[in-house]
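A.B. asks: no sequence on this one, just coordinates:
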């Protein structure tokens, strides 16, 4: 039976690029020595207690559980999921081999490893339904997403890029209850900030479909002092919004905006935008809004044009909405009601 796992690569995604580029996941727990000789959860617990004498009981239990999962439970052929902090996309692959400790690695944060054959590295969060996103958004570093037919759905996402949702007539996978297989439930330790962002992103996707997303982007730019001329929703020749400074919107920076609300866009869309920038009075900058992200070739083209064209995916749109929300028109805030809440950091 194939299991699915999440093994993160740093609180802030500091090992994301290294992990994807080298076929790994894991790291962290810099002070913990090699766990290769540990054969049971109790063996790992002894090492953890020796490494962190006097640490809080909760910290010791959580570290033991997660390190034992890496050492003893993750097996070759299992699914591995990595929610990327740097791009806010999702990577999915298959485990190539189990736990490995690289004692000769100069960086101690890259020693506790699992080798992964990454199949998908730029899956948009918008492709994943809310319940599965909530599970993947756990604050835990290592855990097993299992509820809501997670394994079957992650397999589908890896193969087709589409989340079929909870699948009828298949039995739920249950977590083992013996001590050696104990794993923290991800749903009991959610990342509240991540869960809130996901809810906002889903609400924007539901409320601002098609041309309505262009209206939202125009409102964001206008809240930042631009004068915007949006298209009417018909054939636009590669232009959805023309934005500029000054009372007439003709002063620099002058921006051409192309908005795509569904599906990853190809490199041809980037080329069309660059052509539209040149033919529309030599615009200073371009903004490509692609809710579901872009293809690999398109991302490479955008890298080459990074001082001329900026990409906004769903995550950048959420960032822009949160930054400009108090200045957005009342009718948009009515359709997207948000409230800022302060809470004690754990």
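C.D. replies: Yep, that arrived. These numbers come from a predicted model, not from an experiment. Numbering: from 1, shown residues only.
A.B. asks: and the pLDDT for the closest residue to residue 11 other than its chain neighbours?
C.D. replies: Closest residue in space to residue 11, ignoring its immediate chain neighbours: residue 85 at 7.8 Å, by C-beta to C-beta, 6 or more residues apart in numbering. Every residue, glycine included, has its C-beta placed from N, CA and C. At residue 85, the model reports a pLDDT of 89.
A.B. asks: which ones are touching residue 85?
C.D. replies: By C-beta atoms under 8 Å, 6 or more residues apart in numbering, the contact set of residue 85 is 10, 11, 12, 13, 16.
A.B. asks: how about a cut-off of 7 Å?
C.D. replies: For residue 85, the contact set (C-beta atoms under 7 Å, 6 or more residues apart in numbering) comprises 12, 13, 16.
A.B. asks: buried ones among these?
C.D. replies: Neighbour-count burial (16 or more other C-beta atoms under 10 Å) applied to these gives 13, 16.
A.B. asks: okay if I get the contacts of residue 85 as JSON lines plus pLDDT, distance to residue 263 and secondary structure?
C.D. replies: Formatted as JSON lines, the contacts of residue 85 follow (pLDDT from 0 to 100; distance: C-beta to C-beta, whole Å; DSSP: H, G, I helix; E, B strand; the rest coil):
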{"residue": "12", "pLDDT": "86", "distance to residue 263": "30", "secondary structure": "coil"}
{"residue": "13", "pLDDT": "88", "distance to residue 263": "25", "secondary structure": "coil"}
{"residue": "16", "pLDDT": "94", "distance to residue 263": "24", "secondary structure": "helix"}
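A.B. asks: need the three-state assignment for the residue nearest to residue 11.
C.D. replies: coil (DSSP: H, G, I helix; E, B strand; the rest coil).
A.B. asks: for residue 59, see how far away it is.
C.D. replies: Per C-beta to C-beta, to the nearest Å, residue 85 is found 22 Å from residue 59.
A.B. asks: tabulate the contacts of residue 85 (a markdown table), appending distance to residue 136.
C.D. replies: As requested, these are arranged in a markdown table below (distance: C-beta to C-beta, whole Å):
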| residue | distance to residue 136 |
| --- | --- |
| 12 | 17 |
| 13 | 14 |
| 16 | 15 |
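A.B. asks: now, among the contacts of residue 85, which is nearest to residue 217?
C.D. replies: Among the contacts of residue 85, residue 13 lies closest to residue 217 (C-beta to C-beta), at 26.2 Å.
A.B. asks: which residue is the nearest non-sequential neighbour of the closest one?
C.D. replies: residue 85 (2.6 Å).
A.B. asks: please apply the same query to residue 226.
C.D. replies: Per C-beta to C-beta, 6+ apart, closest to residue 226 is residue 243, 4.2 Å.
A.B. asks: name the residues of the helix or strand containing residue 316 that are buried.
C.D. replies: Assigned by DSSP states H and E, residue 316 belongs to helix 314-324. Using 16+ other C-beta under 10 Å as the test for burial, helix 314-324 gives 314, 315, 317, 318, 320, 321.
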